[in-house]
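Colleague: The sequence and its predicted three-dimensional model are supplied below.
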Amino acid sequence: MKDKVEYILNNALKRLLDNNIITVPEDTKINVSIPADKSFGDYATNAAMVLAKPSKKNPRELAALIISEIQGISTLFSKIEPAGPGFINLHVKTEAWAGVLEEIAQKKENFGKTDFGLKKKVQIEFVSANPTGPLHVGHGRGAAVGDTLARILDAAGYEVQREYYINDTGNQMNMLGLSVFSRYMELSGDKKIEFPDSGYKGEYITGLAKELKAVNGDKLMHMPQSDAVALCREYAGSSILAGIRKDLEEFAVKFDNWFSESTLYKDNQVEKTIEEMKSKGFAYEEEGALWFKSTVFGDEKDRVLRKTDGSLTYFAPDIAYHKEKLGRGFSKIIDIWGADHHGYVPRMSAAMKAIGADDDCFHALLIQLVSLVRSGEPVQMSTRSGEFITLKEVVDEVGKDAARYFFMMRRCDSHLVFDLELAKKKGEENPVFYIQYAHARICSIIRKAMLLEQNPEKGLKYLKKLITDDEIDIMKMLAKYPDTIISSASDLEPHRIAYYILELSTAFHRFYNKNKVISEDAELSAARLLLIDCVRQVIVNCLDLMGIDAPETM
């Protein structure tokens, strides 16, 4: 409905512009919004307020002109009235809302999908955990956010690629190899190799060492240590990565591309990027180190690319990686990082500008911490021995659907308290159960109606029967769904879908508890069956965006 209102408003403004009644500067932002207070109408626009000054008119006077023009070209509204310093409130006719049911009945699973993104290429890189250990709950939240955002952008008409960046080089991988080798030597009875102070201490390291020993026996003990450590590193890295892939698949997360950091060095892309930055004057030598002039692009200080000992910082290959992304033709590059990367955002934003990206190309979403609680008590997330709560453990306990929804219940940059007991409850206080039960309940009603030879599709002939406030409220909620997808996509806020589907499910349960769907009035029954079937379809569409199942029985 919002798109229809915007279309009508734009036509009215164009007519006023063509008749030299108003002036519309290029940077003018005219909004159509939904008022928080229902008494202010279904939609409101700031058109008169923002155009009054450039048009040299009083805001209230201009509002009257715009209202007159709208009324001359459209019969969609029952009332249009000026409000405050240049706002216009628009009340849509009650019978007009039924059109959304016709649209849903026609489009079904495609309802809500738009061409808003114009097939622009977008890449989302998320999770990207180092293959040095299994995924923990923080990675799980990043996976849910990234995958849901990708699904939303796809529905909004973008061409989306999901990418996992494998950090398979550097000190952390060498430390992984040394950690496994040390445990291997312990298992072999050789205590001469001390476990490194900063090594990976989790029980999974011992498990990897046992696997290596089962396959190789004492072979590694007779190899040069550097070769043995390299073998441990390769085995452990590939084994852990395989586990990560499996955990993500079970979490309904699939990547289009797995990009290995090591390829940047094989193709010499890191050095080529550094040389390009030098040639542009964005890199300089000082005190034996190589620096990036990130302050030129708004960063608080310049950043080191190559240290005095000749080794590269993590920042250097990251720049090369993002340059490689640009080379693949993405117009929008979205990185989803942990909250501890907050300070990394300005320098990467600066680097993106230095390598030629548009100002609106790079976006970083930060994932705040997750706290697990059970029966009101905090769950210990990690120990000094290196053990931590894994994503797999949470999914095994509460299920994939509950885990995905709970990770999406808050803005990703807000701290999340994940109540394990609540996620398992079979009651309305659990939002996942509440939403899925709404779908299952509708399916049950429709099955019963079919036995009575009543089909929801017959309701298309009796839409005028839907006149109560509860019925209109549901149709208004359904009409908001396409706008919710667009706003979620444009603002990169996937949690809005979680909020929306809970609000829609609440509206349905409230309607069902107050009204009989199947009654002696056959025409009203058919219309209400269509209404709830449209609710069912939009619930399915929303759950699909969130990677959550829609059970037909519960």
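Modeller: Received the coordinates, thanks.
Colleague: Model confidence score at the residue nearest to Ser519 when sequence neighbours are not counted, please.
Modeller: Nearest residue to Ser519, sequence neighbours excluded (Cβ to Cβ, 6 or more residues apart in numbering): Ser525, at 5.4 Å. C-beta: built from backbone N, CA, C; applies to glycine. For Ser525, the pLDDT comes out at 94.
Colleague: next one: Ser385
Modeller: Listed pLDDT for Ser385 reads 60.
Colleague: one step back: close enough to count as contact, the residue nearest to Ser519 and Ile518?
Modeller: Yes - here Ser525 lies in contact with Ile518, judged by Cβ atoms under 8 Å, at a distance of 5.0 Å.
Colleague: So for the helix or strand encompassing Ser371, what gets flagged as buried?
Modeller: Per DSSP states H and E: Ser371 is located in strand 370-374. Using 16 or more other Cβ atoms under 10 Å as the test for burial, strand 370-374 gives 370, 372.
Colleague: Can you get me the centre-to-centre distance for it and its chain?
Modeller: Centroid separation for strand 370-374 versus its chain: 21 Å, with Cα atoms, centre = their mean, to the nearest Å.
Colleague: go on, stretch 97-105?
Modeller: Distance, centroid of stretch 97-105 to centroid of chain: 27 Å (Cα atoms, centre = their mean).
Colleague: longest single helix anywhere in the chain?
Modeller: For the chain, the helix with the greatest residue count under DSSP state H is helix 225-250.
Colleague: list the helices and strands the very next helix or strand once past it packs on?
Modeller: Toward the C-terminus, helix 225-250 is succeeded by strand 257-260 as the next helix or strand (DSSP H and E). In terms of contacts (3 or more Cβ pairs under 8 Å, 6 or more residues apart in numbering; DSSP states H and E), strand 257-260 is packed against strand 159-166.
Colleague: got a list of what the residue nearest the centre of the chain touches?
Modeller: Taking Cα atoms, centre = their mean, the centroid of the chain lies closest to Leu149, which sits 2.6 Å from it. Shown in contact with Leu149 (Cβ atoms under 8 Å, 6 or more residues apart in numbering): 124, 334, 336, 365, 488, 492, 494.
Colleague: can I assume Lys307 is in contact with Thr313?
Modeller: Yes - with contact defined as Cβ under 8 Å, Lys307 counts as touching Thr313 (6.4 Å).
Colleague: Of the two, give the one with the bigger neighbour count.
Modeller: Thr313 (16 against 13; other Cβ atoms under 10 Å).
Colleague: Just the buried residues of stretch 26-41, please?
Modeller: The neighbour-count check on stretch 26-41 (16+ other Cβ under 10 Å) flags 30, 32, 34, 40-41 as buried.
Colleague: Alpha carbons of it, in CSV - could you do that?
Modeller: Extracted in CSV, the C-alpha atoms of stretch 26-41 (Å, rounded to 0.1, in the frame of the first residue of the first chain):
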residue,chain,number,x,y,z
GLU,A,26,17.4,17.9,-6.1
ASP,A,27,18.4,17.0,-2.6
THR,A,28,14.9,17.2,-1.2
LYS,A,29,13.9,14.2,0.9
ILE,A,30,10.1,13.7,0.9
ASN,A,31,9.0,10.9,3.2
VAL,A,32,5.9,8.8,3.5
SER,A,33,5.7,7.2,6.9
ILE,A,34,3.2,5.3,9.1
PRO,A,35,2.2,7.4,12.1
ALA,A,36,2.7,5.8,15.6
ASP,A,37,-0.8,7.1,16.6
LYS,A,38,-3.6,5.5,14.5
SER,A,39,-5.7,8.6,14.9
PHE,A,40,-3.3,10.5,12.7
GLY,A,41,-4.2,8.3,9.7
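Colleague: quick one: it to chain centroid distance?
Modeller: Mean-position distance between stretch 26-41 and its chain equals 25 Å (Cα atoms, centre = their mean).
Colleague: re the thing from before, by how many degrees do the helix or strand harbouring the residue nearest to the centre of the chain and helix 225-250 diverge?
Modeller: Leu149 belongs to helix 137-155 when assigned by DSSP H and E. Going by axes from the mean of the first three to the mean of the last three Cα atoms, to 10 degrees, helix 137-155 is angled at 50 degrees with respect to helix 225-250.
Colleague: got the buried residues of stretch 26-41 as JSON lines, with pLDDT and distance to Met221 columns?
Modeller: Conversion of these to JSON lines gives the following (pLDDT from 0 to 100; distance: Cβ to Cβ, whole Å):
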{"residue": "Ile30", "pLDDT": "91", "distance to Met221": "75"}
{"residue": "Val32", "pLDDT": "92", "distance to Met221": "73"}
{"residue": "Ile34", "pLDDT": "90", "distance to Met221": "70"}
{"residue": "Phe40", "pLDDT": "89", "distance to Met221": "78"}
{"residue": "Gly41", "pLDDT": "91", "distance to Met221": "79"}
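Colleague: Sitting in strands, which of these do you find?
Modeller: Val32 (DSSP state E).
Colleague: got TSV for the buried residues of stretch 26-41, with distance to Tyr184 too?
Modeller: Below are those laid out as TSV (distance: Cβ to Cβ, whole Å):
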residue	distance to Tyr184
Ile30	67
Val32	65
Ile34	62
Phe40	70
Gly41	71
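Colleague: Please identify which pair of the buried residues of stretch 26-41 lies farthest apart.
Modeller: Maximum pairwise distance among the buried residues of stretch 26-41 (Cβ to Cβ): 17.7 Å, between Ile30 and Phe40.
Colleague: show me what contacts the residue of the chain most remote from its centre?
Modeller: Centroid-distance maximum for the chain: His222 at 50.0 Å, with Cα atoms, centre = their mean. Listed by Cβ under 8 Å, 6+ apart, the contact set of His222 is empty.
Colleague: how close does it get to Gly243?
Modeller: To Gly243, His222 is 29 Å away according to Cβ to Cβ, to the nearest Å.
Colleague: what's the domain layout of the chain?
Modeller: Residue ranges for the domains of the chain, per automatic domain parsing: 2-92, 98-116+428-545, 121-166+254-367, 171-250.
Colleague: Mind checking the ones you listed for the one nearest to Phe418?
Modeller: Phe418 sits nearest to domain 121-166+254-367 of all these, at 7.1 Å, using Cβ to Cβ.
Colleague: So if I had to pick from Ser525 and Ile518, which one is more boxed in?
Modeller: Set side by side, Ser525 and Ile518 show more neighbours around Ser525, with 22 against 17, by other Cβ under 10 Å.
Colleague: so what's that one up against?
Modeller: Applying Cβ under 8 Å, 6+ apart, we find Ser525 in contact with 449, 454, 517-519.
Colleague: hang on, it in a helix?
Modeller: Yes - under DSSP: H, G, I helix; E, B strand; the rest coil, Ser525 falls within a helix.
Colleague: For it, give its distance to Lys108.
Modeller: In this view, Ser525 and Lys108 are 22 Å apart by Cβ to Cβ.
Colleague: before we move on, what about Asp190?
Modeller: 65 Å.
Colleague: name the helices or strands packed onto the longest helix of the chain?
Modeller: Using 3+ Cβ pairs under 8 Å, 6+ apart, helix 225-250 sits against helix 171-187, helix 203-216, helix 391-398.
Colleague: quick check: angle from it to helix 203-216?
Modeller: Taking the same axes, to 10 degrees, one finds helix 225-250 and helix 203-216 inclined to each other by 120 degrees.
Colleague: now helix 225-250, how far from the centre of its chain.
Modeller: 28 Å.
Colleague: Just the helices from the stretch 451-554 of the chain, written as ranges.
Modeller: With DSSP state H, counting those that start in this stretch as the definition, the stretch 451-554 of the chain shows helices at residue ranges 469-479, 481-491, 495-514, 522-545.
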